[in-house]
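[1] below is the sequence, then the predicted model.
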Amino acid sequence: MFTAKKTRLALAAAILSGVTLVAAGCASGDPLAPETDAPAAGGETIVIGSQAYYSNEIIAEIYAQALENGGFEVSRDAFNSGQRDAYIPALEAGEITLFPEYSGNLLQFFDPETTVRASDEVYAALPSALPEGLSVLDQSTATDQDSYTVTAAFAEENSLVTIGDLANVSTPLTLGGPPELAERPYGPTGLLETYGVPVAFSPTADTTVEALLADTIQVANVYTADPRIQTDDLVVLEDPEGLILASNVVPVVSGELPDGAAEIINAISAALTPEGLVSLNVQSTVDQESTPDIAQAWLEDNGLL
Amino acid sequence: MNLIGDAIAWIFSGNPGAGLAPIPVALAQHLMFTFVSVLIAALIAVPSGWLIGHTGKGRDIAVAISGAARAIPSFGLLILLFLVLGVLRTGEAAIITFVLLAIPSILAGAYTGFEAIDRKVIDAAQSMGMTQWQILWRVEVPLGLSLLIAGLRSATLQVVATVTIAAYINLGGLGQYILAGIPLRRFDIVLGGALLVAALALVLDGVFALLQRASLPAGVHAAQSEHHPASKKSASARTAATAAS
Amino acid sequence: MNWVADNLDLIWELSLVHVRQSLIAIVLGFVVSLPLGWLAWRYRAARGGILTVTGLLYTIPSLALLPILPVLLGTPIFSEVNLILALTIYAIALMVRSVADGLGSVDPAVRLSATALGYSTRRRFWAVDLPLAGPVILAGLRVTAVSTIALATVGALIGVTNLGYLFTNGSQRRIIPEVFAGIIAVVVIALVVDGLLIAAGRVLMPWSRAQRRRQRRAALPLEVRVA
């Protein structure tokens, strides 16, 4: 007998299976999923990861498009993987194959006590600092390292060219930057010891540049690839004593890349310049272009696509 | 557990480290933002809710607002207002967000408090010759107080949770430890911050629970005891009443 | 807005992930809360304990629960599993009360007549108690679903990608339409799911139409977690 109850049950079963199918179907094919399962059988798919940082994502996308153009299978599942604590274990486990990193910060992650500062020395120190299975390809000239930056107006008022010139400023100085800067050797303690500049510290994180412009901090730790150095007319103070750790863009590889892939990546690293990286970031923040579009345009402009 | 031990050690170490504010300062910030926001929201929502509950008009709009507001992600609203108003006005952007998030719960608490009152009681008051104002202040407000406090309780916890997240835009508060601890690679700070936030929420919840219990008039409490058969009251009003006892 | 038009595929991809994460938490929460709610309703002694524990868990803000869960359960903190687990816990906490109250709202006279007709306790539960408790449970489920979908965005703070990515990414790049698009997407998904649940309720519980007319005067539950 076809009762109302049976109709209901049938409908309930249909809805439930529909929901399950949708949920299962949504499980694949998203470009930004942070969790990676074991790589595809045979390991031929190159799993590229990126940080939760739009600039890093652009570089990763450049790698991805160039490799795809070179005939390789690429997975973007590991994009937007957050902090190093989240993705380094995945790299070590081989779940992520390729990751655009920054030489100095990466070195410091594995060797917090490191004393090398200059770009070449940092790059040379990396292979021994990295754990088994991880290696680096050629580094780029493009940097995204810490810097001590002031507004153009402040620099003019106080005739600031190098970091050491800050010692001549009569008013009390507050330094702003990411929270971890407080503990870094080139942070407030380094400023005092190396340049004789005493500063108070305010962990301004993502609001650092605005805080600098608003004069709630006078000196800011701004990453050298930050587009606002250009757009907001900021002055990066020179570092003659080599206090700040150099940090160039460098690809990290877990295990081995398929033949030919490394050449493609090295060509990208060679073509990427400091100004080029800043301009990529400007396209993202000021022009609000999408990451894939920016990556494609850059590859085409540099004859790599 | 080692991790919890580390976290507790950090809490009591006296110096959070890494340029972070001392815990009492962060706690005070957290409470200040919560208190100010809930107060402003209450100033807006309580009279409105009472008006709706007393007159019975405008109820559908209120229910619609409460329902739709639930769907708004507070994190997104916070970032939106922060970008729109600029970093110089982080505090204002944050408070506007908190107030907007608190209003629906308080509004609902105010008018359901009135609605849960048995109509017979209002009729009795009217037949006794009370004016509308007297009914409002002597009958409806005291009887509706328990549900209003339930609404305030819900709103406060919501704001506490959002103030925690507001550390992302450098607002201070206890959330700064959770968010700063991650790049610092100090899980003891992350967990310590989390435990502090959890403790704050539980304490505030407990305070409100006591207030709710205390605000239920003795006569009403007796009437709602287990042996009273489930009446024509709506299930949710009964839920709210159970929550109040 | 130009940004939205240019990035529709990104918004769509993120929405799919978001829906998947939320659905898992909602369905799991619902399924687990049924037996728990039944326990709380059936055994007075258990009721206080269950409701207290779930109430306490619900009180803990999400950003605080996310680091605490890995310590208790060993899940990695920055993982999707962790986020879904936290969302499920909140869903259970919200729904247990609804299930218990829903079962409690069934007219005892109806239950007695079912027993008089010869229904065994178990059959009575599935044929009488649960269906009649349906409207209240559905109301709770709707609130839970909407709340979960909004809350899932917090995952962005622990690096879990879903629509919350639009908030952190938009904040980094200072792109207001991106953040706004994220908010709208979340709200739309929540309202659509809410609508689907209402429709499902109408189909599965046709007898409740009369009840619904009466219950239109009823207020929605107060407690909701959106952060």
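    Cool, got the structure.
[2] residues touching the spatially most central residue of chain A, list them.
    For chain A, the residue sitting closest to the mean C-alpha position, by CA atoms, centre = their mean, is A:Asn56 at 3.7 Å. By CB atoms under 8 Å, 6 or more residues apart in numbering or on different chains, the contact set of A:Asn56 is A:50, A:100. C-beta here means a position set from N, CA and C on the backbone, and glycine is covered the same way.
[3] helix, strand, or coil at it?
    helix (DSSP: H, G, I helix; E, B strand; the rest coil).
[4] distance check, it against A:Glu156.
    33 Å (CB to CB, to the nearest Å).
[5] can you give me the neighbour number for residue 203?
    With no chain named, the answer covers chain A. 26 (other CB atoms under 10 Å in any protein chain shown).
[6] let's do chain B instead
    Neighbours of B:Val203 under the rule other CB under 10 Å: 11.
[7] again with A:Gly260
    By other CB under 10 Å, the residues close to A:Gly260 number 11.
[8] check contacts around it.
    A:Gly260 makes contact with A:70, A:72, according to CB under 8 Å, 6+ apart.
[9] per-residue pLDDT, residue 213?
    Unless you meant another one, I'm taking chain A. For A:Leu213, the pLDDT comes out at 90.
[10] that's the wrong chain, I wanted chain B
    You'll see B:Arg213 listed with a pLDDT of 88.
[11] tell me how many other residues crowd it.
    B:Arg213: 13 surrounding residues under other CB under 10 Å.
[12] ok, the residue nearest to the centre of chain A to C:Arg142 distance?
    Using CB to CB, A:Asn56 is found at 40 Å from C:Arg142.
[13] same check on A:Tyr123?
    For A:Tyr123 relative to C:Arg142 (CB to CB), the value is 57 Å.
[14] up against chain A, what does chain C have?
    Contacts of chain C with chain A, taken as CB under 8 Å from any CB of the partner chain, map to C:2-3, C:6-7, C:10, C:13-14, C:16-17, C:19-20, C:23-24, C:27, C:78-81, C:158-161, C:165, C:168-169, C:171-175, C:177, C:200, C:203-206.
[15] keep only these that also lie close to chain B.
    C:158, C:168, C:171, C:174.
[16] which one (most neighbours) among those?
    C:Ile158 (28 neighbours).
[17] surely that residue and C:Ile77 touch.
    Yes - between C:Ile158 and C:Ile77 there is a contact under CB atoms under 8 Å: 6.4 Å.
[18] which residues are in contact with stretch A:100-108?
    A:50, A:56, A:59-60, A:63, A:84, A:114, A:116, A:119, A:122-123, A:125-126, A:129-130, A:136, A:139, A:143-145, A:184, A:245-252.
[19] lowest-confidence helix or strand of chain C?
    Least confident helix or strand, chain C: helix C:208-215 with a mean of 62, by mean pLDDT, DSSP states H and E.
[20] now do the helix or strand harbouring A:Gly104: distance to the chain's middle.
    Counting by DSSP states H and E, the element that carries A:Gly104 is helix A:103-110. Taking CA atoms, centre = their mean, to the nearest Å, one finds the center of helix A:103-110 at 12 Å from the center of the full chain.
[21] buried residues in that helix?
    Going by neighbour count (16 or more other CB atoms under 10 Å in any protein chain shown), the buried part of helix A:103-110 is A:103-110.
[22] so which of these would you say is closest to B:Trp133?
    A:Asn105 (67.0 Å; CB to CB).
[23] please list all residues in contact with the closest residue to chain A within chain C.
    Of all residues in chain C, the one sitting closest to chain A is C:Gly159 (2.4 Å; CB to the nearest CB). Taking CB under 8 Å, 6+ apart as the criterion, C:Gly159 is in contact with A:34, A:52, A:80-83, A:86, C:78.
[24] would JSON lines of these with secondary structure and neighbour count be doable?
    JSON lines is the format used below for these (DSSP: H, G, I helix; E, B strand; the rest coil; neighbours: other CB atoms under 10 Å in any protein chain shown):
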{"residue": "A:Pro34", "secondary structure": "coil", "neighbour count": "27"}
{"residue": "A:Ala52", "secondary structure": "coil", "neighbour count": "25"}
{"residue": "A:Asn80", "secondary structure": "coil", "neighbour count": "27"}
{"residue": "A:Ser81", "secondary structure": "coil", "neighbour count": "29"}
{"residue": "A:Gly82", "secondary structure": "coil", "neighbour count": "24"}
{"residue": "A:Gln83", "secondary structure": "coil", "neighbour count": "16"}
{"residue": "A:Ala86", "secondary structure": "helix", "neighbour count": "22"}
{"residue": "C:Phe78", "secondary structure": "coil", "neighbour count": "26"}
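[25] including pLDDT, could those go into JSON lines?
    What follows is the contacts of C:Gly159, written out as JSON lines (pLDDT from 0 to 100):
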{"residue": "A:Pro34", "pLDDT": "34"}
{"residue": "A:Ala52", "pLDDT": "88"}
{"residue": "A:Asn80", "pLDDT": "88"}
{"residue": "A:Ser81", "pLDDT": "85"}
{"residue": "A:Gly82", "pLDDT": "79"}
{"residue": "A:Gln83", "pLDDT": "79"}
{"residue": "A:Ala86", "pLDDT": "82"}
{"residue": "C:Phe78", "pLDDT": "86"}
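[26] show me the strands in the stretch 101-250 of chain A, by range?
    Along the stretch 101-250 of chain A, the segments classed as strands by DSSP state E, counting those that start in this stretch run A:134-136, A:148-151, A:174-177, A:200-203, A:219-221, A:234-236, A:249-254.
[27] just the mean pLDDT for the next helix-or-strand element following the longest one, thanks.
    I take that to be strand A:249-254. Later in the chain than strand A:249-254, the nearest helix or strand by DSSP H and E is helix A:261-271. Here helix A:261-271 scores 94 as its mean pLDDT.
[28] ditto for stretch C:84-103
    Mean pLDDT, computed over stretch C:84-103, is 93.
[29] also stretch C:148-162?
    93.
[30] how far away from the center of its chain is it?
    On CA atoms, centre = their mean, the centre of stretch C:148-162 falls 15 Å from that of its chain.
[31] any idea how far apart the tips of it sit?
    End-to-end distance of stretch C:148-162 (CA to CA, to the nearest Å): 13 Å.
[32] related to what we said a few turns ago, quick check on the residues of chain C next to chain A: which are buried?
    C:3, C:7, C:10, C:13-14, C:16-17, C:19-20, C:23-24, C:27, C:78-81, C:158-161, C:165, C:168-169, C:171-175, C:177, C:200, C:204-205.
[33] for stretch B:41-56, what is the average pLDDT?
    When pLDDT is averaged along stretch B:41-56, the result is 91.
[34] around chain A, pick out the residues from chain B.
    Residues of chain B lying close to chain A by CB under 8 Å from any CB are B:17-20, B:86-88, B:90, B:168-170, B:176, B:179-180, B:182-185.
[35] try 7 Å this time
    Taking CB under 7 Å from any CB of the partner chain as the contact definition, chain B meets chain A at B:18-20, B:87-88, B:169-170, B:180, B:182-185.
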